[in-house]
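S.K.: Structure of the sequence below:
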Amino acid sequence: MKEIYLDNGATTKVDPKVMEAMLPYFTEKYGNASSSHSFGQDAKDAIEKARRVIAKSIGADEQEIYFTSGGTESNNNALKGVAFAFKEAFNTENKNKDQPDQTYQPVKKNIIKNHIITTKIEHKCILETCKWLETQGFTVTYLDVDKDGFINPDDIKKAITPKTILVSVIHGNNEIGTLQDLTAIGKICKEKGVYFHTDACQSYTKTEIDVNKQNLDMVTLNAHKIHGPKGIGALYVRKGTKIIPWQHGGGHERGLRSGTENVTGIVGFAEAVKLANKKHVEHITKLRNKLINGVLNNIPDARLNGPSGNNYNYGSGKHNEHHNKKENGTDNRLCNNANFSFKAIEGEALGGYLDQKWICSSTGSACNARTLEPSYVLKAIGLTDEEANGSLRLTLSRFTTEEEIDYVLKVLPDIVKKLRWISPIGKVVNYILKKQ
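M.R.: Here you go, the predicted structure:
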């Protein structure tokens with residue numbers, strides 16, 4: 001039987017058309033973009049064409065797009081680059097008190113701007129970067145989210161101080177799919193005069209990102225979540241943003257990110273962006289809604305985690321099929337994301353049984369899968385350790401078919417029922433007997 005891949009939140013299949021676009025840059029147009037000969041110029045031209053494609057997709061200027069190796073590098077460069085630009089500027093100001101023109105404009109005299117605001121449900125690379133920055137003299141505020149995973153923009157407004165440099169909020173959460181209101185947050189950041197960064201790796205091409213409408217100063221993007229190649233990403237940096245390079249060398253990418261450009265990856269990235277369209281989103285959303293309704297209508301004591309999940313808490317397994325309605329929150333959820341918790345179930349065991357049925361799934365973020373600790377994202381929205389450990393993330397793509405979803409809905413209830421009989425999770429026998 002053909003495998004059913006429902007772990008597209010971890011990575012996606014490279015579209016054959018993307019492979020086709022990349023191939024000449026492996027075999028025929030393999031020049032180094034820094035070289036002055038024709039091979040090099042062909043490579044440089046390809047990079048600049050790709051830069052224009054990606055810039056246009058988010059309403060940016062092409063000179064505001066910087067290519068990186070992926071989302072993790074872009075996030076590191078954004079946070080560290082801006083944080084240390086302010087630290088360097090403050091040091092320069094103290095050394096040159098009689099020469100204020102030599103300092104960065106946003107740094108006010110006698111104020112050490114060393115404060116960053118983020119949330120407790122960011123991707124691991126944001127949280128780990130923030131933890132490291134705390135060892136370097138910066139302070140970080142980690143804001144709570146509500147039970148659907150939403151940050152209250154007013155909490156951001158209250159957290160901003162005269163020392164605040166940057167607010168960094170993930171757009172689409174990689175585990176529970178929550179889509180934050182970038183427009184509301186961006187308006188606050190602009191009014192308060194602080195930079196606003198978002199990690200849009202999961203949401204890019206699935207929902208609108210407009211750097212001007214949403215007042216975004218930096219945006220992290222990558223290719224392998226949108227059917228492009230691994231090892232390539234981008235960082236949008238608004239013109240005038242105070243940022244210093246975090247990787248030094250030959251001065252590539254206008255000095256912000258040194259290192260020989262990954263021409264094949266960049267070409268593939270742009271092709272993946274060009275192929276993405278609204279019809280794909282509509283197709284994925286329809287199947288996602290069918291999956292959610294099917295699970296919650298046929299498996300007792302299952303709950304949906306994330307947006308609209310509070311309308312579908314643990315129950316009898318009989319639910320109204322209205323997940324596509326705006327008032328129930330799925331418009332604020334990544335179109336491809338469904339995250340469930342099952343009582344008296346261990347997620348790792350569930351994933352193993354699904355794998356035996358040729359279904360690829362996840363119990364959370366692939367970047368956090370090496371630890372047996374319960375998901376910090378699920379804990380942040382109020383789940384217990386048992387509930388978090390009983391989670392299952394299914395993430396779809398444009399290549400997912402209705403037949404595949406039907407098959408998942410056919411086998412999943414039986415697997416859950418079987419695991420509940422053999423689960424070692426406390427007092428499961430009493431739980432089962434009560435349900436009979």
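S.K.: What segments of this protein are helices?
M.R.: Assigned by DSSP state H, the helices in the chain fall at 16-22, 24-27, 38-57, 71-95, 124-134, 153-159, 182-192, 263-275, 278-298, 347-356, 376-380, 385-389, 402-422, 428-435.
S.K.: Of those helices, which is nearest Gly233?
M.R.: Of all the helices of the chain, it is helix 71-95 that lies closest to Gly233, at 5.0 Å by C-beta to C-beta. Using the backbone N, CA and C atoms, a C-beta is placed for each residue, glycine as well.
S.K.: tilt between that closest one and helix 124-134?
M.R.: Interaxial angle of helix 71-95 relative to helix 124-134 (axes from the mean of the first three to the mean of the last three C-alpha atoms, to 10 degrees): 20 degrees.
S.K.: What mean pLDDT does helix 71-95 get?
M.R.: Model confidence over helix 71-95 averages 85 on the pLDDT scale.
S.K.: who does that helix touch, helix- and strand-wise?
M.R.: Other elements packing on helix 71-95 under the criterion 3 or more C-beta pairs under 8 Å, 6 or more residues apart in numbering; DSSP states H and E are strand 65-68, helix 124-134, strand 164-168, strand 195-199, strand 218-222, strand 233-237.
S.K.: any chance of those in a markdown table, with distance to Ala349 and mean pLDDT too?
M.R.: Written out in a markdown table, the entries for the helices and strands packed on helix 71-95 read as follows (distance: least, C-beta to C-beta, whole Å; pLDDT from 0 to 100):
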| stretch | distance to Ala349 | mean pLDDT |
| --- | --- | --- |
| strand 65-68 | 37 | 98 |
| helix 124-134 | 24 | 98 |
| strand 164-168 | 35 | 98 |
| strand 195-199 | 31 | 99 |
| strand 218-222 | 31 | 99 |
| strand 233-237 | 34 | 98 |
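S.K.: which stretches of this structure have low pLDDT?
M.R.: Scanning the chain for pLDDT under 70 picks out 89-110, 309-330, 364-372, 424-436.
S.K.: Swap in 50 and give it another go.
M.R.: Counting by pLDDT under 50, the chain contains low-confidence residues at 96-107, 320-329, 365, 426-427, 429-430, 433.
S.K.: In terms of residue numbering, what are the domains of it?
M.R.: Annotated domains of the chain cover 16-275, 277-435 [automatic domain parsing].
S.K.: and the longest one, how far from the chain's centre?
M.R.: Which is domain 16-275. With C-alpha atoms, centre = their mean, to the nearest Å as the basis, domain 16-275 stands 12 Å off its chain's centre.
S.K.: one step back: could you redo the helices and strands packed on helix 71-95 as TSV and give each row mean neighbour count?
M.R.: Formatted as TSV, these follow (neighbours: other C-beta atoms under 10 Å):
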stretch	mean neighbour count
strand 65-68	25
helix 124-134	18
strand 164-168	24
strand 195-199	27
strand 218-222	29
strand 233-237	28
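S.K.: right, so of the ones you listed, which gets closest to Glu88?
M.R.: Of all the helices and strands packed on helix 71-95, strand 164-168 sits nearest to Glu88, with 12.2 Å by C-beta to C-beta.
S.K.: elements contacting that closest one?
M.R.: Packed next to strand 164-168, using 3+ C-beta pairs under 8 Å, 6+ apart, are helix 71-95, strand 115-119, helix 182-192, strand 195-199.
S.K.: Mean neighbour count, those: which tops it?
M.R.: Highest mean neighbour count of the helices and strands packed on strand 164-168: strand 195-199, a mean of 27 (counted as mean count of other C-beta atoms under 10 Å).
S.K.: Direction included, what does that one pair against?
M.R.: If you go by DSSP bridges, strand 195-199 pairs up with strand 164-168 (parallel), strand 218-222 (parallel).
S.K.: can you list contacts of the first one?
M.R.: The list of residues contacting strand 164-168 from outside it, by C-beta atoms under 8 Å, 6 or more residues apart in numbering, reads 75, 78-79, 82-83, 86, 113-118, 122, 126, 130, 156, 160, 185, 189, 192, 194-199.
S.K.: let's see it at 6 Å
M.R.: 82, 86, 113, 115-118, 156, 189, 194-197 (C-beta atoms under 6 Å, 6 or more residues apart in numbering).
S.K.: what's the answer for the last one, then?
M.R.: Strand 218-222 is contacted by residues 70-71, 74-75, 78, 197-201, 204, 233-237 when judged by C-beta under 6 Å, 6+ apart.
S.K.: which one of these is nearest Ile359?
M.R.: Set against Ile359, the nearest of the contacts of strand 218-222 by C-beta to C-beta is Cys201 (24.0 Å).
S.K.: Just want the phi and psi numbers for that closest one.
M.R.: Cys201 adopts backbone torsions of phi -60, psi -40, taken as degrees, to the nearest 10.
S.K.: what's near enough to touch it?
M.R.: 71, 222, 225.
S.K.: Repeat that for Tyr142.
M.R.: Lys120.
S.K.: Can you give me the distance of it to Lys113?
M.R.: Distance, Tyr142 to Lys113, using C-beta to C-beta, to the nearest Å: 19 Å.
S.K.: And Gly137, by the same measure?
M.R.: 12 Å.
S.K.: With neighbour numbers in mind, choose between those two.
M.R.: Legend: neighbour count by other C-beta atoms under 10 Å for Gly137 and Lys113, higher for Lys113 (23 against 10).
S.K.: isn't that one right up against Lys163?
M.R.: Yes. If you go by C-beta atoms under 6 Å, Lys113 and Lys163 touch, sitting 5.3 Å apart.
S.K.: that older thread, I'd like the domains of the chain as a markdown table, with distance to Leu6 appended.
M.R.: Output for the domains of the chain, formatted as a markdown table (distance: least, C-beta to C-beta, whole Å):
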| stretch | distance to Leu6 |
| --- | --- |
| domain 16-275 | 13 |
| domain 277-435 | 4 |
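S.K.: Can you say which of the ones you listed is nearest to Lys2?
M.R.: Nearest to Lys2 among those is domain 277-435; the distance by C-beta to C-beta comes to 7.1 Å.
S.K.: Check the offset of that closest one from the chain's centre.
M.R.: Chain-centre distance of domain 277-435: 19 Å, with C-alpha atoms, centre = their mean.
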